[in-house]
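S.K.: coords below, sequence missing:
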């Protein structure tokens, strides 16, 4: 009788899923993606206000941003795997709830320490949303429309990034800094209701047939990633004794993680999966390109303000051009992937990013704002194309039971690239500018620093192109009989 009832339940769930419009399911994924990216960008604009409100130095208030970033980076893979094990809709709903409650705690925080702790908790919810929104695409969208779905999610991520500074500025000016966190409450409530109503229900599995959750591997990976993230962020471009110790800890953590996973019955990450040309190359390219994209965020404000002499309002307007272009390009990029295939569009995206980076490496300050904006538009438009194609290629042939962890790894590679880029590309910019403090460097030195930074960025994307080519060549070689591809 139980078996018959289970089959009836599964049939009912399948029928309900078929009746659910794809558009509503995608909207239920797009809103959590918007919230997670908005949570990253909206806090940056509040740092000066928070420093004044809490009478704290900048190195203390910057942890309002870093706590969120470190928590997200540390937990995104574990969250993806937990969704594979326990059920994705259930865990995504929990992640939205945690994010929303943490937003309320942020808005009510009486001290800076409480605010930083609440932001870390908010990052826990964001890690879950980031990992599971991509993983859900395979369950909610027909295969021939996967690229368009990935493009939409990329668009929502770009919209959140672009909207954060402007929305945050308006809220702070009108209602105070607490409003930038409390605005998430109605959005989070809507996201939770939509996820419960429109996303496919988790299928019941017999207890004996459920995959195990690798707690040991999850803890080791989380500590390793936290060590690396802190090494890259605490030093702010310089290594020092503390940064060196953290990096050493991260390296030892990687070795320990590989050993733990080799012995685990149900590993968090199957290390052999990185031998798959599509997966390994997709993760590597994502990290390299994200490192380059962070250069635009690190260099842009200083170059525009100091080298070109723009006021704060004009700097913010120019900086919003990139995310806005990415937002407008996301959906067309998805359609291009569906029409021309992921490999071709990945190549086109990388070539466009190289062209934009080379353009910036040769742009004289005399070219002014136009000389800066045109290459940035080229970079961001092609980044949207690359990201959509790469996400589609990585997740295309992943087993349903592995989508969560692979999606988590994809987001992890992006976050690691952003963290590394903030440190490494910031250091390149500072050294090429020839000043201990780039805020005090003269305009000519900042122009030279900008050109050198994007020359390095172009080299990194060329490396990504080489990875793409090597991956395609490896995939074209047939595997020997009996050997796992």
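M.R.: Structure received. Given the structure is predicted, the values throughout are model-derived calculations rather than measurements.
S.K.: List the contacts of residue 328.
M.R.: With contact taken as Cβ atoms under 8 Å, 6 or more residues apart in numbering, residue 328 is in contact with residue 155. Just so you know, the C-beta spots here come from the backbone N, C-alpha and C atoms, and that holds for glycine as well.
S.K.: Which other helices and strands does the longest helix along the chain contact?
M.R.: Looking across the chain with DSSP state H, the single longest helix is helix 443-476. If contacts are counted by 3 or more Cβ pairs under 8 Å, 6 or more residues apart in numbering; DSSP states H and E, helix 443-476 sits against helix 277-302, helix 342-361, helix 403-433.
S.K.: any idea of the mean pLDDT for the second one?
M.R.: The one in question is helix 342-361. Across helix 342-361, the average pLDDT comes to 93.
S.K.: swap in stretch 391-399?
M.R.: Throughout stretch 391-399, pLDDT has a mean value of 77.
S.K.: Just the endpoints, please. Distance across that stretch?
M.R.: End-to-end distance for stretch 391-399: 15 Å, by Cα to Cα, to the nearest Å.
S.K.: same deal with stretch 393-405?
M.R.: 15 Å.
S.K.: got the buried residues for it?
M.R.: 393, 394, 395, 398, 402, 403, 404, 405 (16 or more other Cβ atoms under 10 Å).
S.K.: and those residues, which two are the farthest apart?
M.R.: Within these, 393 and 404 form the most distant pair, 17.8 Å apart (Cβ to Cβ).
S.K.: Could you check the helix or strand residue 192 falls within and say which residues are buried?
M.R.: Assigned by DSSP states H and E, residue 192 belongs to helix 184-198. Neighbour-count burial for helix 184-198 flags 184, 187, 188, 190, 191, 192, 194, 195, 198 (criterion: 16+ other Cβ under 10 Å).
S.K.: Then stretch 366-379?
M.R.: Across stretch 366-379, burial judged by 16+ other Cβ under 10 Å covers 371, 372, 373, 374, 375, 376, 377, 378, 379.
S.K.: Can you lay out the residues you listed as a markdown table showing pLDDT, secondary structure and distance to residue 41?
M.R.: Listed next are these as a markdown table, based on pLDDT from 0 to 100; DSSP: H, G, I helix; E, B strand; the rest coil; distance: Cβ to Cβ, whole Å:
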| residue | pLDDT | secondary structure | distance to residue 41 |
| --- | --- | --- | --- |
| 371 | 92 | helix | 26 |
| 372 | 92 | helix | 20 |
| 373 | 92 | helix | 19 |
| 374 | 93 | helix | 23 |
| 375 | 94 | helix | 22 |
| 376 | 92 | helix | 17 |
| 377 | 91 | helix | 19 |
| 378 | 93 | helix | 22 |
| 379 | 93 | helix | 18 |
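S.K.: Now flag whichever of those residues is closest to residue 136.
M.R.: Of all these, residue 136 sits closest to residue 379, with 29.0 Å by Cβ to Cβ.
S.K.: Tell me who's in contact with the nearest residue to that closest one once chain neighbours are set aside.
M.R.: Leaving aside its sequence neighbours, residue 379 sits nearest to residue 356 (Cβ to Cβ, 6 or more residues apart in numbering; 3.5 Å). Shown in contact with residue 356 (Cβ under 8 Å, 6+ apart): 375, 376, 377, 378, 379, 382.
S.K.: Below-threshold pLDDT in the stretch 251-400 of the chain: ranges please.
M.R.: Low-confidence segments of the stretch 251-400 of the chain (pLDDT under 70): 271-275, 312-313, 316, 397, 400.
S.K.: quick one on the thing from earlier: contacts for the helix holding residue 192 next, please.
M.R.: For helix 184-198, the surrounding residues in contact (Cβ under 8 Å, 6+ apart) are 20-21, 24-25, 27-28, 31-32, 34-35, 38-39, 89, 92-93, 96-97, 99-100, 103-104.
S.K.: out of the residues you listed, which are inside helices?
M.R.: 24-25, 27-28, 31-32, 34-35, 38-39, 89, 92-93, 96-97, 99-100, 103-104.
S.K.: Can I have the buried ones of those as a PyMOL selection?
M.R.: Buried members of the ones in helices among the contacts of helix 184-198, defined by 16+ other Cβ under 10 Å, are picked up in PyMOL with:
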select buried, resi 25+27+28+31+32+34+35+38+39+89+92+93+96+97+99+100+103+104
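S.K.: thinking residue 298 is in contact with residue 425, fair?
M.R.: Yes. At 5.5 Å, residue 298 counts as touching residue 425 under the criterion of Cβ atoms under 8 Å.
S.K.: Looking at these two now, which is surrounded by more residues?
M.R.: Between residue 298 and residue 425, residue 425 has the larger neighbour count (other Cβ atoms under 10 Å), namely 25 against 22.
S.K.: give the contact list for that one.
M.R.: 291, 292, 294, 295, 298, 299, 453, 456, 457.
S.K.: Give me the nearest residue to the first one, chain neighbours excluded.
M.R.: This means residue 291. Counting by Cβ to Cβ, 6+ apart, the residue nearest residue 291 is residue 421, at 3.9 Å.
S.K.: Run through the residues that contact that neighbour.
M.R.: Here residue 421 is in contact with 290, 291, 292, 293, 294, 295, 298 (Cβ under 8 Å, 6+ apart).
S.K.: what do you get for residue 419?
M.R.: By Cβ under 8 Å, 6+ apart, the contact set of residue 419 is 69, 73, 228, 229, 232, 233.
S.K.: one more time with 10 Å
M.R.: By Cβ atoms under 10 Å, 6 or more residues apart in numbering, the residues touching residue 419 are 66, 69-70, 73, 225, 228-233, 287, 290-291, 294.
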